[in-house]
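Student: Next come a sequence and a model predicted from it.
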Number of protein chains: 2
Amino acid sequence: MTTVGRPYLPNRKKLEGYLDQVYESQWLTNNGPLVRELEERLGDYLGVDNLLLVANGTLALEVALRTFGISGEAVSTPFTFVATSAAIRNEGLGVRYADIDPETLNLDPAKVESACGPDTQALVPVHVYGNPCDVEGFDELARRKGLKTVYDAAHALGVNYDGHSVLRWGDAATLSLHATKLFHTGEGGAVVFRRAEDHERARRLINFGLEAVDGSIPDVGMNAKMSEFHAAVGLAMLDDLPAILEHRKAVGEAYERELDDWVSFPAWSKRGTRNGAYAPILLETPSVRDKVKAVLQSEDVIARSYFSPSLDETAAYRAGNFFPESQAKALRTLCLPINTGMDFNDVKKISLCIKRAINQERE
Amino acid sequence: MTTVGRPYLPNRKKLEGYLDQVYESQWLTNNGPLVRELEERLGDYLGVDNLLLVANGTLALEVALRTFGISGEAVSTPFTFVATSAAIRNEGLGVRYADIDPETLNLDPAKVESACGPDTQALVPVHVYGNPCDVEGFDELARRKGLKTVYDAAHALGVNYDGHSVLRWGDAATLSLHATKLFHTGEGGAVVFRRAEDHERARRLINFGLEAVDGSIPDVGMNAKMSEFHAAVGLAMLDDLPAILEHRKAVGEAYERELDDWVSFPAWSKRGTRNGAYAPILLETPSVRDKVKAVLQSEDVIARSYFSPSLDETAAYRAGNFFPESQAKALRTLCLPINTGMDFNDVKKISLCIKRAINQERE
């Protein structure tokens, strides 16, 4: 079975080496040596400061919002995995949606500005499929309106923008290190803060708000600690990350060559690099999308309708307004399998299936 | 160094065996086969139904409260680890404290009843140090007032009450499976629900509220999933659990024999079994407590002032009222080292230190 989200298994021998260290230190969690090593090495690799590892990507967004003391509402996108909106609501905030740009599938600063209300305190844009948002536009808007910006960069690990990690943009940017991500710790996440003082505050918040120096409890915190076992998984695959990124990028580009005349793709930012986190395609109509998905499934190829439904159409996040671009794209997108176990022959085979399905639907 | 909270390291060969299974299944998280195996085997061992594994003990309390749709306020104890109150606040609820019983150190149903206000919807008592609360009293109160009861049973794994697991009491009871607990998964937690339908709803809530059948999103959920790596840690030590409980109980009782004339102890419930989760002692005065702690530290023995400060005295959870029993006990308790690496000679040595310190302070 070829599937979206088949996890990368870290080198077993390296994993054992890190487990040896865990057994030696007898330190299993609570900001242990492997967590600190992974924070340092991953931060160095990505070229970012103030990287904090946490238990998962949803908690990463939650701790980022809490670090800034946001209340009221945040503006975000309905075209994303549900975790983005769940994190906002879990922090006691309301979510206001703005519609996406029909080409990039990312939020558009102009539409976000119109969506802001008197209680809006934060922007939570998503770099959808790892495609960088209009970060300058959001930066300008946030400054002008006095808002905090937390980018959901769950898909954007390894993506550079104008030569530097896109994670440097915003007051914070969050990563998912979930098993299905191109780099992972089983379950895990991270926050990259712009400022060292926010990083420090967040490190306290993920450990119940406890102040290490004197044991006082100035703030209501959470448990969002990453264990040494999960850090070991990440460390065991960290050396492979450049090759993983290279391979996934090549697979993504191969799909686009094969399918260029048949489907469309998000408009990838020309100033951003590609990381091959996802291989999204846009079909002509919802029925073509469903047909392609079904034909692939009959060949044991599991593609996913990311991101569907548009969150404003779900019971939990229903919005008063109507977001036609997000709703339309949710019915037309499909993420194809992309993982390190695949080669160009797999891409060819899957692309042929897709073309056949499109032809069948056209007949 | 002898310390409270030295973690038990699971048999390495067994752990490797479970990691073999993870590499074979390529299933790293999201309700995987090892999580389900651990849920079933741990539930069987404890004699409880509807056990749900989650990412940590704080999230266990949060998902339990959310499952019942609690809003308004919950009544809880100031004499506990901060996670209990943090979880309540993280679910958007207010915390009202009631004072503890000076003998058991647990909440007292009569005081809890007085603390209830018009917005109180839930009780969150703690089985402090694994010592069962007055569960019948809370049961009666909750029925009469139409409240939900969620026991924080973080310390109570393996404790029976009238011959059955104390986890059977309440609408839900939550466990911590943190590294320092007598049974653990590195980071982890669990909820035991009284009713199967709550268990089912909670399983959806810990996976973003997603409905598996049709991908709909009826509720705002969270990410509280336990990974296969953490489940592997638990499975690798599960066979040792009966021996761990036996040993810790024996160490706890040895402390009480050695120190019987020198310190006092919580009044352990006569209807409950002991699990040796903690070895708490109560010193005569705060200054004796501080002296004992310092003398132990000078001998490389790390005892902990659990639970201090009384939460109503912290900046994050300051309450208008005054809770004299909790505040007084917080200054007089000390949890002594208790772990499977210790034998009766360690207990004797530590007890001698304590007696010496008490004598020095008395002089």
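Tutor: Structure received. Residues are numbered from 1 along each chain as shown, chains lettered A, B, ... in the order given.
Student: ranges for the strands of the stretch 51-200 of chain A?
Tutor: Taking DSSP state E, counting those that start in this stretch, the strands of the stretch 51-200 of chain A run over residues A:51-54, A:73-76, A:94-97, A:120-124, A:148-152, A:160-161, A:164-165, A:172-176, A:189-193.
Student: How about the fourth one and chain B, touching?
Tutor: No - contact of strand A:120-124 with chain B is not found when judged by Cβ under 8 Å from any Cβ of the partner chain; the minimum separation is 15.0 Å. Heads up, the C-betas are built off the backbone N, CA and C, glycines and all.
Student: Return the alpha-carbon coordinates of that strand using CSV.
Tutor: Provided in CSV are the C-alpha atoms of strand A:120-124 (Å, rounded to 0.1, in the frame of the first residue of the first chain):
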residue,chain,number,x,y,z
THR,A,120,-8.9,40.6,17.5
GLN,A,121,-5.5,40.3,19.2
ALA,A,122,-3.6,37.7,17.1
LEU,A,123,-3.2,36.4,13.6
VAL,A,124,-2.7,32.7,13.1
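Student: And for it, what's in contact with it?
Tutor: Strand A:120-124 is contacted by residues A:61, A:65, A:68, A:70-77, A:84, A:88, A:93, A:96, A:112, A:138, A:141-142, A:145, A:147-152 when judged by Cβ atoms under 8 Å, 6 or more residues apart in numbering or on different chains.
Student: And the first one, by the same measure?
Tutor: With Cβ under 8 Å, 6+ apart as the contact definition, strand A:51-54 has outside contacts at A:35, A:38-39, A:42-43, A:60, A:63, A:177, A:185, A:188-193, A:199, A:202-203, A:206, A:224-226, A:231.
Student: Sort out for me which of these are in helices.
Tutor: Using DSSP state H, the subset of the contacts of strand A:51-54 located in helices is A:Val35, A:Leu38, A:Glu39, A:Leu42, A:Gly43, A:Ala60, A:Val63, A:His199, A:Ala202, A:Arg203, A:Ala231.
Student: who's in contact with the third one?
Tutor: The neighbours of A:Glu39, taking Cβ under 8 Å, 6+ apart as the test, are A:Leu51, A:Leu52, A:Leu53, A:Ala190.
Student: Low-confidence ranges, the stretch 1-150 of chain A, go.
Tutor: Where the stretch 1-150 of chain A drops to pLDDT under 70, the residues are A:1, A:3-5.
Student: what does it have sitting close to chain B?
Tutor: A:6-7, A:9, A:12, A:15-16, A:19, A:23, A:26, A:28-30, A:55-59, A:81-83, A:85-86, A:89-90, A:92.
Student: go with 6 Å
Tutor: A:7, A:9, A:23, A:28-29, A:55-56, A:58, A:82-83, A:86, A:89-90, A:92 (Cβ under 6 Å from any Cβ of the partner chain).
Student: Any chance of those residues in CSV with neighbour count and distance to B:Gly341 as columns?
Tutor: Output for the residues of the stretch 1-150 of chain A next to chain B, formatted as CSV (neighbours: other Cβ atoms under 10 Å in any protein chain shown; distance: Cβ to Cβ, whole Å):
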residue, neighbour count, distance to B:Gly341
A:Pro7, 20, 35
A:Leu9, 18, 33
A:Tyr23, 14, 13
A:Leu28, 23, 15
A:Thr29, 27, 18
A:Ala55, 30, 28
A:Asn56, 28, 32
A:Thr58, 29, 36
A:Val82, 23, 44
A:Ala83, 27, 40
A:Ala86, 27, 41
A:Arg89, 19, 44
A:Asn90, 25, 39
A:Gly92, 15, 43
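Student: what's the closest of those residues to B:Ala236?
Tutor: A:Tyr23 (11.8 Å; Cβ to Cβ).
Student: Could you check which helix or strand contains the closest one?
Tutor: Using DSSP states H and E, A:Tyr23 falls within helix A:12-25.
Student: Likewise for A:Leu334?
Tutor: For A:Leu334, the host element (DSSP H and E) is strand A:333-336.
Student: A:Tyr23 and A:Tyr45: what is the separation?
Tutor: Look at A:Tyr23 and A:Tyr45: by Cβ to Cβ, to the nearest Å, they are 26 Å apart.
Student: ugh, wrong one, I meant A:Val22
Tutor: A:Val22 is 22 Å from A:Tyr45, by Cβ to Cβ.
Student: before we move on, the earlier item: mind checking which of the ones in helices among the contacts of strand A:51-54 are buried?
Tutor: Neighbour counting over the ones in helices among the contacts of strand A:51-54 (16 or more other Cβ atoms under 10 Å in any protein chain shown) leaves A:Val35, A:Leu38, A:Glu39, A:Leu42, A:Gly43, A:Ala60, A:Val63, A:His199, A:Ala202, A:Arg203, A:Ala231 as the buried ones.
Student: could the residues of the stretch 1-150 of chain A next to chain B be laid out in a markdown table, adding distance to B:Tyr161?
Tutor: Listed next are the residues of the stretch 1-150 of chain A next to chain B as a markdown table, based on distance: Cβ to Cβ, whole Å:
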| residue | distance to B:Tyr161 |
| --- | --- |
| A:Pro7 | 42 |
| A:Leu9 | 44 |
| A:Tyr23 | 36 |
| A:Leu28 | 30 |
| A:Thr29 | 30 |
| A:Ala55 | 32 |
| A:Asn56 | 34 |
| A:Thr58 | 35 |
| A:Val82 | 39 |
| A:Ala83 | 39 |
| A:Ala86 | 36 |
| A:Arg89 | 37 |
| A:Asn90 | 34 |
| A:Gly92 | 36 |
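Student: Turn the ones in helices among the contacts of strand A:51-54 into CSV, including distance to B:Val220.
Tutor: Formatted as CSV, the ones in helices among the contacts of strand A:51-54 follow (distance: Cβ to Cβ, whole Å):
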residue, distance to B:Val220
A:Val35, 29
A:Leu38, 31
A:Glu39, 30
A:Leu42, 30
A:Gly43, 32
A:Ala60, 17
A:Val63, 18
A:His199, 28
A:Ala202, 23
A:Arg203, 27
A:Ala231, 29
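Student: if we take the residues you listed, which one ends up nearest to B:Cys116?
Tutor: For the ones in helices among the contacts of strand A:51-54, the minimum distance to B:Cys116 (Cβ to Cβ) is 32.2 Å, reached by A:Val63.
Student: In terms of residue numbering, what are the domains of chain A?
Tutor: Annotated domains of chain A cover A:2-238, A:241-362 [automatic domain parsing].
Student: Got the phi and psi for the residue nearest in space to the middle of chain A?
Tutor: The centroid of chain A falls nearest to A:Ala154 when counting by Cα atoms, centre = their mean (1.5 Å). Per-residue torsions, A:Ala154: phi -50, psi -30 (degrees, to the nearest 10).
Student: Next one: it relative to A:Phe81, how far apart?
Tutor: Distance, A:Ala154 to A:Phe81, by Cβ to Cβ: 7 Å.
Student: Against B:Ile217, how distant is the single nearest residue of the stretch 251-363 of chain A relative to chain B?
Tutor: The stretch 251-363 of chain A approaches chain B most closely through A:Thr314 (4.0 Å), counting by Cβ to the nearest Cβ. Computed as Cβ to Cβ, the A:Thr314 to B:Ile217 distance reads 4 Å.
Student: As TSV, the contacts of A:Glu39 with distance to A:Ala267 and neighbour count would be great.
Tutor: Formatted as TSV, the contacts of A:Glu39 follow (distance: Cβ to Cβ, whole Å; neighbours: other Cβ atoms under 10 Å in any protein chain shown):
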residue	distance to A:Ala267	neighbour count
A:Leu51	29	22
A:Leu52	32	28
A:Leu53	33	29
A:Ala190	27	27
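Student: tell me the two of these that are most distant?
Tutor: Largest separation among those by Cβ to Cβ: A:Leu51 and A:Leu53, giving 7.3 Å.
Student: returning to that earlier point: just the pLDDT for the residue nearest to the centre of chain A.
Tutor: Model confidence at A:Ala154, given as pLDDT, is 98.
Student: Now do the contacts for the residue nearest to it when sequence neighbours are not counted.
Tutor: Distances taken as Cβ to Cβ, 6 or more residues apart in numbering or on different chains put A:Ser176 closest to A:Ala154, at 3.8 Å, once the chain neighbours are dropped. Counting by Cβ atoms under 6 Å, 6 or more residues apart in numbering or on different chains, A:Ser176 touches A:Gly57, A:Ala154, A:Gly189.
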